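>>> here you go, sequence then predicted model.
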Amino acid sequence: MTHSTPHSASRRRLLAAGAALPIAALLPHATLAAGYPEKPIRIVIPFASGGTADVVARLLANKLTERLGQPVVVDARAGANGIIGADGVAKAAPDGYTLLLHSSAHAINASLYKKLPFDTLRDFTPVAPVVAPGVFVIVVNPSLPVNSIPELLAYAKARPDTVSYGSAGIGNGLHLAGEMLAQMGGVKLLHVPYKGAAPILNDLVGNQIQMMFNSPLAVQGFVRDKKLRMLAQTGLVRSSALPDLPTVAESGLPGFEVTSWYGLYAPANTPAPIVQRLNAETIWAMNQPDVQERLASLGTAALPPTTPAQFGEFTRSEIARYAAVIRKASLSLDVV
């Protein structure tokens, strides 16, 4: 079997709107925004400082500062699963000086919450993907007598609502990964919400729960020490970092895909020349060797050149995909 790179399937979806343009082809458009920027730029991350979003945003901000000749600062505005920070950007002036770096939660929130203070598609201008979609792995406690996705589904089907999995709260991406697995596999799993990833791992190793979705880097030590067992990965194709681990899709659930990604957005009606400039510079920044090396240490990578329109199509496809899972699971939350 020929294995693709970790994010090749999601790359294809990101580029589905048309062939990717080389960076050099994008830069002439940037000359239309020759006067931009004339003051500092703020990148809002809608999560707490210190997490992956913060690391990624600072990598981008440092490179953009070099290229644009103005300070680019990172502003963490956490709260309501990313909604508070996103709302601030949606209501900011559309002049390219306030930007949003959000995760796949941006697409999930569009359907998960009964009423958002903004319209996820109408109130933002897609700029560029910042980090390529990364895969998760399904890990189980070794006491669970399964070694593959077909065995897991057969075991769960015979014992409805007894195979438990943990996630960092109702409606987060890894909760929906479990819902998707249950829906596509025709089984009932027991979701156990936590307040963070660390206690989930502790309880999984301690056999308080049986399963979770997590990044390969987060669980590799436990797998090496045989405290956890990996069953599958969640990309459409196998990651080159995990060539011997099958995907859920090839294990009997075609089309199953759950990934984590980060992208850059501006307020709606931001002038196209500024969006094109930011798109080109973001792509350049995230593909620099030192940035690529840091991203690799996080288990992810940047993407090749992708237009704002292509990133917009990807965002819409992610919203639609998660909306179907959320609707079938009858999930709905209020913004608090």
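Nice, I can see it. Source: prediction; values computed, not measured.
>>> so where is the stretch 101-250 of the chain shaky, pLDDT-wise?
Judged against pLDDT under 70, the stretch 101-250 of the chain has no low-scoring part.
>>> can you pull out the helices in it?
Along the stretch 101-250 of the chain, the segments classed as helices by DSSP state H, counting those that start in this stretch run 105-112, 149-158, 173-185, 197-205, 216-224.
>>> make CSV out of the ones you listed and add distance to residue 165.
Using the backbone N, CA and C atoms, a C-beta is placed for each residue, glycine as well. Conversion of those to CSV gives the following (distance: least, CB to CB, whole Å):
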stretch, distance to residue 165
helix 105-112, 17
helix 149-158, 10
helix 173-185, 5
helix 197-205, 9
helix 216-224, 13
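>>> can you tell me which of those helices is nearest to residue 313?
Among the helices of the stretch 101-250 of the chain, helix 105-112 comes nearest to residue 313, with 12.3 Å by CB to CB.
>>> tally of neighbours for the nearest residue to residue 41 once chain neighbours are set aside?
Nearest non-adjacent residue to residue 41, counting by CB to CB, 6 or more residues apart in numbering: residue 72, 4.6 Å away. By the criterion of other CB atoms under 10 Å, residue 72 has 24 neighbours.
>>> now residue 72: phi and psi?
phi -120, psi 120 (degrees, to the nearest 10).
>>> go ahead and list the helix or strand containing residue 65.
Residue 65 belongs to helix 52-68 when assigned by DSSP states H and E.
>>> picking up where we left off before, residue contacts, the residue nearest to residue 41?
Neighbouring residues of residue 72 by CB atoms under 8 Å, 6 or more residues apart in numbering: 40, 41, 42, 43, 60, 61, 62, 64, 65.
>>> quick one: the strands in the stretch 1-150 of the chain, in order.
Assigned by DSSP state E, counting those that start in this stretch, the stretch 1-150 of the chain shows strands spanning 41-45, 72-76, 98-103, 124-135, 137-140.
>>> buried stuff in the second one?
So that's strand 72-76. Buried residues in strand 72-76, counted by 16 or more other CB atoms under 10 Å: 72, 74, 75, 76.
>>> could I get these as JSON lines with distance to residue 170 and pLDDT?
Shown next, in JSON lines, are the buried residues of strand 72-76 (distance: CB to CB, whole Å; pLDDT from 0 to 100):
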{"residue": "72", "distance to residue 170": "34", "pLDDT": "98"}
{"residue": "74", "distance to residue 170": "28", "pLDDT": "98"}
{"residue": "75", "distance to residue 170": "27", "pLDDT": "97"}
{"residue": "76", "distance to residue 170": "23", "pLDDT": "96"}
